[in-house]
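Chemist: Here's my sequence, what's the structure:
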Amino acid sequence: MRDGKPDGFHYLDHRTVDVKHNIITDTCITAGNVADSVPYLDRLDIQIKKFRFSVEAVALDAGYFTSHICKRLSEKGIFMVMGYRRFGSSNKDVPKRLFHYVQEKDVFACPMGCILSYATTSRTGDRTYKSNPSDCAVCPMRDGCFSASQKQRVVTRHIWERFKEQARLNKRTKAGKQLYRMRCTTIERSFADAKELNGYRYARYRGLKSVQMQAYLTAACQNMKKIAHYLTKTGQVMGDFYGKRRFICEMFTCFTIKNEKSLRLTRTLQVSRQSEKKGFL
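Modeler: As a prediction, this is how the structure comes out:
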């Protein structure tokens with residue numbers, strides 16, 4: 001299982017909502033051990049192609065903060081705002097963030113001013129930069145920079161790291177801060193309503209196909225409520241629509257919760273009728 005996730009058999013819902021009315025535009029179910037970043041780009045392309053969306057900006061959490069996603073969104077001209085986290089470093093005294101990358105010369109400069117030159121590139125696209133062992137031998141920060149078994153400091157940088165840097169800069173802007181704060185009232189609110197009001201806390205079925213059906217039904221119920229609320233609020237629907245909207249909302253709120261009980265009751269009635277026909281009752 002993934003780090004930070006509960007142990008057991010679980011599913012993940014990769015959901016997309018619009019920022020204006022919080023309408024669910026896409027929902028994709030995967031296994032619980034699939035990373036958030038894996039299906040994102042494909043689901044985004046499907047929505048753009050199917051609904052002809054003109055996506056201007058996206059706000060994503062730290063699970064989507066990868067070089068590949070940042071590169072693709074930048075190529076599409078989409079303003080990207082993402083959360084990011086700093087992972088623990090074995091070099092706590094001299095972490096990687098203290099090393100400055102000089103783009104013109106393609107080298108890193110350490111806190112003491114020494115140069116880390118390019119060495120090689122891995123298959124995953126990570127460029128490796130290494131310091132001069134003679135510089136590290138007389139450096140006063142040597143003990144806190146790397147272990148005693150090593151002779152030089154090694155720093156890696158992905159070939160698409162500049163796109164991640166652009167995402168970090170976007171989040172620090174006024175528009176980026178405002179957009180990222182809206183996640184609490186949009187996507188987080190959508191998941192909270194699904195769990196608390198639509199019986200979405202647990203999977204009612206087994207298998208990706210069946211759970212995907214539950215996700216579609218739950219999303220449809222939530223969208224019906226949002227649309228009904230918007231039409232009533234803007235006065236686009238005349239007549240006694242408020243009572244009808246309230247009835248529809250209550251009906252679909254209880255639908256997923258009572259669905260399993262209804263199936264059990266139906267099966268019980270079927271067994272009783274079969275028993276009556278056979279003369280057992």
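Chemist: For Val154, name its beta-bridge partners.
Modeler: For Val154, the beta-bridge partners are Lys130 (DSSP bridges).
Chemist: how many neighbours does the nearest residue to Ala62 once chain neighbours are set aside have?
Modeler: Nearest residue to Ala62, sequence neighbours excluded (C-beta to C-beta, 6 or more residues apart in numbering): Gly83, at 4.1 Å. Where C-beta positions appear, they are placed from N, C-alpha and C, glycine not excepted. Gly83 has 15 neighbours, counted by other C-beta atoms under 10 Å.
Chemist: How about Val107: which residues does it bridge to?
Modeler: Beta-bridge partners of Val107, as defined by DSSP bridges: Val102.
Chemist: Where does pLDDT dip in this structure?
Modeler: Where the chain drops to pLDDT under 70, the residues are 1-4, 86-92, 237-281.
Chemist: how about the helices in it?
Modeler: Using DSSP state H, the helices found in the chain span residues 40-51, 67-75, 133-137, 142-145, 161-172, 174-181, 187-197, 208-233, 241-253, 255-278.
Chemist: out of those, nearest to Ala57?
Modeler: When these are ranked by proximity to Ala57, the top entry is helix 174-181, at 6.0 Å, counting by C-beta to C-beta.
Chemist: Any buried residues in the closest one, and which?
Modeler: The neighbour-count check on helix 174-181 (16 or more other C-beta atoms under 10 Å) flags 176, 179-180 as buried.
Chemist: same question, stretch 29-49
Modeler: So, applying 16+ other C-beta under 10 Å, buried residues of stretch 29-49: 29-30, 36, 39-41, 43-44.
Chemist: picking up where we left off before, format the helices of the chain as CSV; extra columns: distance to Lys5.
Modeler: Output for the helices of the chain, formatted as CSV (distance: least, C-beta to C-beta, whole Å):
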stretch, distance to Lys5
helix 40-51, 18
helix 67-75, 20
helix 133-137, 40
helix 142-145, 34
helix 161-172, 24
helix 174-181, 23
helix 187-197, 15
helix 208-233, 16
helix 241-253, 28
helix 255-278, 23
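Chemist: Pick the most deeply packed of those.
Modeler: helix 67-75 (a mean of 19; mean count of other C-beta atoms under 10 Å).
Chemist: who's in contact with that one?
Modeler: 37, 40-41, 58, 60, 80, 82, 125, 158-161, 163-164, 166-167 (C-beta atoms under 8 Å, 6 or more residues apart in numbering).
Chemist: Got the domain ranges for this structure?
Modeler: Domains of the chain are assigned by automatic domain parsing as 96-160, 204-281.
Chemist: right, and Ile48 touches Glu56 too?
Modeler: No. Counting by C-beta atoms under 8 Å, Ile48 stays clear of Glu56, with 11.9 Å between them.
Chemist: and Ile187, how far is that from Cys221?
Modeler: 17 Å (C-beta to C-beta, to the nearest Å).
Chemist: let me redo that: His229
Modeler: Where Cys221 is concerned, His229 sits at a distance of 13 Å (C-beta to C-beta).
Chemist: same check, this time on Thr30
Modeler: Here Thr30 is placed at a distance of 21 Å from Cys221 (C-beta to C-beta).
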